[in-house]
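1. Take a look and give me a structure for this.
(chains A and B)
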Amino acid sequence: MKFAVIVFPGSNCDKVLYYAIKDGVKADVEMVDFRNDSLAGFDAVLIPGGFSYGDYLRSGAIAGHAPIIPAIKEMANAGKPVLGICNGFQILTEIGLLDGALIRNKNNRFICETVPLKVENDQTIFTSEYQQGETIMIPVAHGEGNYYCDDKTLARLKANHQIVFTYEDDINGSVDNIAGITNEKKNVLGMMPHPERALEELVGSADGLRMFQSVLKNHMDRVNQ
Amino acid sequence: MTEPTATMIDQEKLYKSWGLSEAEFKIISEDILHRLPNYTEAGLFSVMWSEHCSYKNSKNVLRKFPNKGKRVLAGPGEDAGIIDIDDNQAVVFKAESHNHPSAVEPYQGPATGVGGIIRDIFSMGATPVAMLNSLKFGNLDNHHTKYLANEIVAGIGGYGNCIGIPTVGGEISFQKRYENNPVVNAMCVGLINNSDIKYGQASGEDNLIIYVGAKTGRDGIHGATFASDEFTDENKTQRSAVQVGDPFMEKLLMDACIELVQKHSEWIMGIQDMGAAGLVSSTAEMASKAESGLVLELDQVPQRETEMSAYEIMLSESQERMVLCVKPEYKEKIIEFFENAGLDAVVIGRVTTDKQYKIYQHGELVTDIPVAGLVDDAPEYVHEGTMPERLTKDDYKHQFEPQINSLTETWLQLLKQPNIASKEYFYRTYDSQIKANTVVKPGSDAATIRVRGTNKALSMTNDGNSKLVYVDPYIGGQNAVIEGSANLIASGAEPLGITDCLNYGNPEKAEIFWEFNKSVEGMASVCEKLELPVISGNVSLYNEFNEEAIYPSPMIGMVGLVKDLKDVITQGFKRVGDAIYLVGQTNDDFNGSEIQAMQAGDVKGELNPIDLEDIKHTQANILKAIRAGVVNSCHDLSEGGLAVALAEAAFENELGFDVTTELSAVATFSETPGRFLVSVSEQDRHAFEEYFENNLQYLGNVTQRATLKLTTNDFTAELTMSEALNTWKEAIPCLMK
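-> Modelled structure (predicted):
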């Protein structure tokens, strides 16, 4: 299985995401520059955190117009795994692959902390290695992680089990404490917390590893079928 | 605007407003140039001869610091110092102050300070891996201080979070003297393979000078001179001298420079960042180091404003700019390389052999001065010091005697003192975990990051208890270094070396100079004893507001090597049943202490002499015990003494303790340096005790019960975990409301 890590100007979690695949789950991974317009040959796309284009204008807004974006949409439409973390989540909402938007944290301050998340849906390709209802410890680091959507959208997300992770405590004002959601087909996941920073107990938590293992395992299962 | 003529500058003494004295102007015109300098030249001299660039008031004091050591690969004089950490790797670090800019522009001031110190690290070819900061604010009892604190912390976080370097540690303290002149010191730590080290040199005739990064504007002109002046109500609003930062641009610049050094080292002769005094300082210093000359063509310098004069272009402190000296045959490749990274790179000059610094603009030679005159010939001032009057008073001999009616009450009261209370409110706005290497996060004695791909880690800390330096500059100075070293030792690291920021008032005042000189002597004595070279640093003088100076505030930034990840240790108790020890003797050390500040409302009185041999011995044995694997937690005792250290050790994992000491209640707040609070597994007690002969006291055990129980020879106090923890955690959020 081959992963692409998309690198935008200002991405700053790209290398750690690369290590998460290469050293964490020992799969094939390549950094892909935002100026490319094809993702041929890749089985999954990872959009890293950071401050693409300095978050100037609005977080994720400028990256949403990069040459690589149509290729990412193609992958999503083809049902391949697309994972956006932090700024990657913001970009996914900007380009319409995910519903809602990420706005300023409710207290207007950046927050960095390893927080408990609840696994709300273990039936996705990203979460099958977790247990439904399980609490996992994953770091967050964001100033604009306050997930917002209207009531209608929220009802749809709930009905279709698209809410995958929630914060156990209200850390940023997100609607229903939402930390991560998928698209309807559940092959696109956006989340504010950083699973790629939680691969080893040495740095505080290894709970993020199972997310990447899930993606890899589901892919291999499908290939082997 | 027409520029003043050379004659006008001389006769109307215009140079004075730029910070040059009459005597200095005379040296320039008579000894160096043998003619009057024109407007541009006078401007270049004024900024290069400012204290910030020339260290003219501090050089002879700074020489007291040792800067050699068997691991030192580069010391003072480079953008940052470098220390070998084995395996052909080295650690690069430096700290810098941005006090004045932060006072007038509290978001952009610290942000650009962070940007500047990061450039100092990657200009050596190193990859920045961590940041720390030391902040000193006024008391949190007024709107202005709260505003400054919020904005300064946001500025630091805004830059560091965006560029993607974890801010892992530091210190924050509060005292009225910093109300209008906050101290903002930022430190950056980088890693490098020894073969990639680059120096800021412009060598080799006809090699090219390339400018990379943001365009030059009129911002920050005379920033270095501004930083070398005192604050008054009048110049408080001197905003034109403060720059604006763009962390996104710096991220592009950083990544490109590091990749260039790692992949195409042979293309570059030298690389330097444009910091204080911008283009002139960076290029002149590069030429000076290589004993070369330079010709610069200002029309080539990318400008974002029109009709900028040579003076403005040379003195601008626009951010996110670098200068490279490259071999001509690689010119096209380098420009293309930077273009691909989204950056403008242009040739702005070349290296010559005549040792002259020449600048052309619009085809005219606007500057022609000797490089050495500009960089090396600033006069050196040896000031006379006088012991400050406050230190000569009789009551200075007296040891403060704390009053305790209830140990519980005093203990809780101390836990909520802003200098002791949790600083999480501030540090959780810094991304401390980016890069996923942070093993010990903010809040312990030192922060620790692993060196990816190895079994090593680096611990780092910022220290400087200015209350102690204020009451006793020499011993207070000693204490700053001891504290830094102790924090690293307590985290399982072997201290490698030091960077410093020396923040003081106006050195032209005899009492201030005395404090500066004495405290440096104190620090240097410990550096010598503990064999800690000072490899980089910065001096920030003239920290005064309306003639009142800040406390003498040296900040010691220290980095240590953890040789094996298994040695990484934190201050918090780990397991119920572990034995708790106090290592080191406790004396009556209340002068300059938190309890004195709290009970007397001020600090005063001389400090007891420190037995450095004893400090060295204890620290070495702590490290040995940690490496032997018989220590579960270790905490350096500092502000608030034993009582506060016990509480802090309990908070980390919310484990209680039951401790009995033969000390009096008052003594549990003494701040005698050189002590550690250690917890040890029951089965390791004997092995642990072996390291310390009689220099330790068994205190009790870590308990399951969520209570903090402390029995002294005269009092007993028992706090519930929730009460103690809330008091300590909520103090600052409550004050910031």
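2. The residue nearest the centre of chain B: what's it in contact with?
-> With distances taken as C-alpha atoms, centre = their mean, B:A95 lies nearest the centre of chain B, 3.7 Å away. Residues in contact with B:A95 (C-beta atoms under 8 Å, 6 or more residues apart in numbering or on different chains) are B:117, B:132, B:134, B:185-188, B:462, B:499-501, B:536-538, B:555, B:557. From N, CA and C alone the C-beta is placed, and that goes for glycine too.
3. give the contact list for residue 7.
-> I went with chain A, as the question did not name one. Applying C-beta under 8 Å, 6+ apart, the residues near A:V7 are A:D14, A:M31, A:V32, A:D33, A:F34, A:P48.
4. actually chain B
-> So B:T7 contacts B:L36 (C-beta under 8 Å, 6+ apart).
5. cool, B:I121 as well?
-> Taking C-beta under 8 Å, 6+ apart as the test, what B:I121 contacts is B:D79, B:A80, B:V92, B:F93, B:K94, B:P128, B:C188, B:V189, B:G190.
6. Mind checking which of those are in strands?
-> B:V92, B:F93, B:K94, B:P128, B:C188, B:V189, B:G190 (DSSP state E).
7. Which members of the residues you listed define the maximum pairwise distance?
-> Every pair in these was compared (C-beta to C-beta); the two farthest apart turn out to be B:K94 and B:P128, at 10.6 Å.
8. neighbour count winner among these two?
-> B:K94 (29 against 25; other C-beta atoms under 10 Å in any protein chain shown).
9. That one and B:Y425, how far apart?
-> 28 Å (C-beta to C-beta, to the nearest Å).
10. One more: B:L637?
-> Separation of B:L637 from B:Y425 (C-beta to C-beta) stands at 24 Å.
11. Which one of the ones in strands among the contacts of B:I121 is nearest to chain A?
-> B:P128 (11.6 Å; C-beta to the nearest C-beta).
12. show me the contacts for the closest one.
-> So B:P128 contacts B:I118, B:I121, B:F122, B:I165, B:C188, B:V189, B:G190, B:M254 (C-beta under 8 Å, 6+ apart).
13. Tell me how many other residues crowd the closest residue to the second one other than its chain neighbours.
-> When the adjacent residues along the chain are set aside, B:I121 lies closest to B:G190, with 3.9 Å between them (C-beta to C-beta, 6 or more residues apart in numbering or on different chains). As a burial measure, B:G190 scores 25 neighbours (other C-beta under 10 Å).
14. is it true that B:G190 touches B:A126?
-> Yes. Counting by C-beta atoms under 8 Å, B:G190 touches B:A126, with 3.3 Å between them.
15. where do the contact lists of these two overlap?
-> Shared contacts of B:G190 and B:A126, counting by C-beta under 8 Å, 6+ apart, come down to B:A80, B:V92.
16. one step back: and the furthest pair within the contacts of B:P128?
-> The most distant members of these, if one measures by C-beta to C-beta, are B:V189 and B:M254, lying 14.2 Å apart.
17. which one of the two has more residues nearby?
-> Ranked by neighbour count (other C-beta under 10 Å), B:V189 and B:M254 place B:V189 first, with 27 against 24.
18. give me the beta-bridge partners of that one?
-> Here B:V189 sits in beta bridges with B:F93, B:A130, going by DSSP bridges.
19. Got the confidence number for it?
-> Per-residue pLDDT puts B:V189 at 98.
20. buried ones in stretch B:86-96?
-> By neighbour count on 16 or more other C-beta atoms under 10 Å in any protein chain shown, the buried set for stretch B:86-96 is B:A90, B:V91, B:V92, B:F93, B:K94, B:A95, B:E96.
21. State the mean pLDDT of it.
-> Taken as a whole, stretch B:86-96 carries a mean pLDDT of 96.
22. same check, this time on stretch B:99-107
-> Mean predicted lDDT for stretch B:99-107 stands at 93.
23. what do you get for stretch A:145-154?
-> Stretch A:145-154 comes out at a mean pLDDT of 98.
24. Return it as CSV; C-alpha atoms alone will do.
-> Output of stretch A:145-154 as CSV, limited to C-alpha atoms (Å, rounded to 0.1, in the frame of the first residue of the first chain):
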residue,chain,number,x,y,z
GLY,A,145,-10.5,23.8,15.8
ASN,A,146,-14.0,24.8,16.8
TYR,A,147,-16.1,22.6,14.5
TYR,A,148,-19.3,24.3,13.4
CYS,A,149,-22.2,23.0,11.3
ASP,A,150,-25.9,23.8,11.2
ASP,A,151,-28.6,21.7,12.9
LYS,A,152,-29.6,20.0,9.7
THR,A,153,-26.1,18.9,8.9
LEU,A,154,-25.5,17.8,12.4
